[in-house]
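Novice: Let me see the structure of the following:
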Amino acid sequence: MSRHELEQRDKAIAEGQLEIAIGWDRPLNTYFVQVLDPTYDEEDARFEVLWRGNRFGEILSSDEAIAMIAPWAIIPADLRAALIADHDTAA
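Specialist: Got it, this is the predicted structure:
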């Protein structure tokens, strides 16, 4: 499993508190994306802003995963290549 923490795009949203991650989950054979707002309790529905890739084979394309997280995160230029390498290395 790989995990890349990303910087929040708009610091005004949630006062810059969002936790943003993207990566490859080998056991689930999927990329995953997470946008969490830790200003809320984990049981609060508002805690999970976005969480996809938690089912087998849900996100098979690095580009799809990046597109899902792009509204919240600054996307590093080398992220796509890193995600593909994570996938290929884990295979």
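
Novice: What strand or helix carries residue 33?
Specialist: In this assignment (DSSP states H and E), residue 33 forms part of strand 30-36.

Novice: confidence score at residue 39?
Specialist: Residue 39 carries a pLDDT value of 89.

Novice: May I have the phi/psi pair for it?
Specialist: Main-chain torsions, residue 39, degrees, to the nearest 10: phi -70, psi -10.

Novice: hang on, residue 26 packs against residue 32?
Specialist: No - contact between residue 26 and residue 32 fails when scored by Cβ atoms under 8 Å: they sit 11.0 Å apart. C-beta here means a position set from N, CA and C on the backbone, and glycine is covered the same way.

Novice: So between the two, which is more surrounded?
Specialist: Legend: neighbour count by other Cβ atoms under 10 Å for residue 26 and residue 32, higher for residue 32 (23 against 13).

Novice: That one pairs with what?
Specialist: Residue 32 has the following beta-bridge partners by DSSP bridges: residue 23.

Novice: How far does the strand holding residue 33 sit from its chain's centre?
Specialist: Chain-centre distance of strand 30-36: 3 Å, with Cα atoms, centre = their mean, to the nearest Å.

Novice: Ok, stretch 26-44 next?
Specialist: From the chain centre to the centre of stretch 26-44 is a distance of 8 Å (Cα atoms, centre = their mean).
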